[in-house]
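Chemist: Give me a model of this one.
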Amino acid sequence: MNELQKIEMDIFKCFSEICEKLNISYFLVCGSALGAARHGGVIPWDDDFDVGMYREDYNKFMKLAPELLPEGIFLQNYKTDPAFPYVFAKLRNSNTTFIQSLLSNLNINHGIYIDIFPLDGYPKKLFEQKKLVFMKKHYLRQLNSAFNMPSTLTLREKATVSFFRMLGCHKRTDKILAKYERLISKYPVKDADIICNHGTWYGAKDYILKEYYGKGTEMKYEGIEVRVPEKYDEYLTCLYGDWRTPPPPEKQKGSHGCETCDTKKAYIEYLKVK
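Modeler: Just a heads-up that it's a prediction; the model follows:
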């Protein structure tokens, strides 16, 4: 592991210990679940760490974990850090720096982090499914106004971002996220056949049969026990297809657009936001 990955592992261990104290379940998801299954630990070129929790456990963690966190570890969500523009949470080491290009203009905590995704139910009625898709797009268009615009956007996409910035959406992402969270959390996990991770970029690929998650299964990850989805083969196939075959060398690199990474210095020393 490199220095970034070691710090992410330390944050995860802190997360795992708190989950045990609070009797909360979690899963390694996305690239971290892939790393566990294919590499027995960290994907060598990966630059983040992902965990997911059923909504009830997620809400419990958000409420109770802050009092149990050691000094320097910050639980970031739109309530604790109002300019934070995501519908999931991050657990950050405030004594380090990981500034992503998309977020570099925001006055938020930019420490090295792990992602914590809430896992929600998916509606069974077609009308509710269509409504969910429509409203998600509506909220995401507003939230996108808070990010730095990447050069890869089309002219139409740039115009949409500019329009919502003109409306001031980038200044009230916490209020937009409160509405967005109410939307996606209204479908209970216990009643659902499909579980949605709305925080990732995979879209409908991350709408996974609940039986694939199940109660999870234990697996070794860098020598420690972690929990991954019970049917991890099926889960990873949904996300990645042939997940057992690593990508070609030219694609073996981090995907989070890091502008500044410093494992020794606090992000506050790098902030450009006035």
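Chemist: Strands of this protein, start to end?
Modeler: 27-28, 50-54, 73-76, 89-93, 97-100, 112-121, 194-196, 207-209, 217-221, 224-228, 258-262 (DSSP state E).
Chemist: Would you mind saying which of those strands lies nearest Thr152?
Modeler: Thr152 lies closest, by Cβ to Cβ, to one member of these: strand 97-100, at 15.0 Å. Any C-beta I mention is one placed from the backbone N, CA and C, and that applies to glycine too.
Chemist: Counting by contacts, list what the closest one packs against.
Modeler: The contact analysis (3 or more Cβ pairs under 8 Å, 6 or more residues apart in numbering; DSSP states H and E) places strand 97-100 against strand 112-121, strand 258-262.
Chemist: So which of those strands is the most surrounded?
Modeler: strand 112-121 (a mean of 24; mean count of other Cβ atoms under 10 Å).
Chemist: Give the partner strands of that one in its sheet and their orientations.
Modeler: In the sheet, strand 112-121 lines up against strand 50-54 (parallel), strand 89-93 (antiparallel), strand 194-196 (antiparallel) (DSSP bridges).
Chemist: Now the second one: average pLDDT?
Modeler: What that stands for is strand 89-93. On average, the pLDDT along strand 89-93 is 98.
Chemist: can I have that strand written out in PDB, keeping just the CAs?
Modeler: What follows is strand 89-93, C-alpha atoms only, in PDB (Å, rounded to 0.1, in the frame of the first residue of the first chain):
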ATOM      1  CA  ALA A  89     -21.000  10.900   3.500                       C
ATOM      2  CA  LYS A  90     -17.300  10.900   3.900                       C
ATOM      3  CA  LEU A  91     -15.100  10.100   6.900                       C
ATOM      4  CA  ARG A  92     -12.100  12.400   6.600                       C
ATOM      5  CA  ASN A  93      -8.700  12.800   8.300                       C
END
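Chemist: Pull out the buried positions in it.
Modeler: Residues 89-93 are the ones in strand 89-93 that count as buried (16 or more other Cβ atoms under 10 Å).
Chemist: what's the closest of the residues you listed to Leu102?
Modeler: Leu102 lies nearest to Lys90 out of the buried residues of strand 89-93, by Cβ to Cβ, at 13.6 Å.
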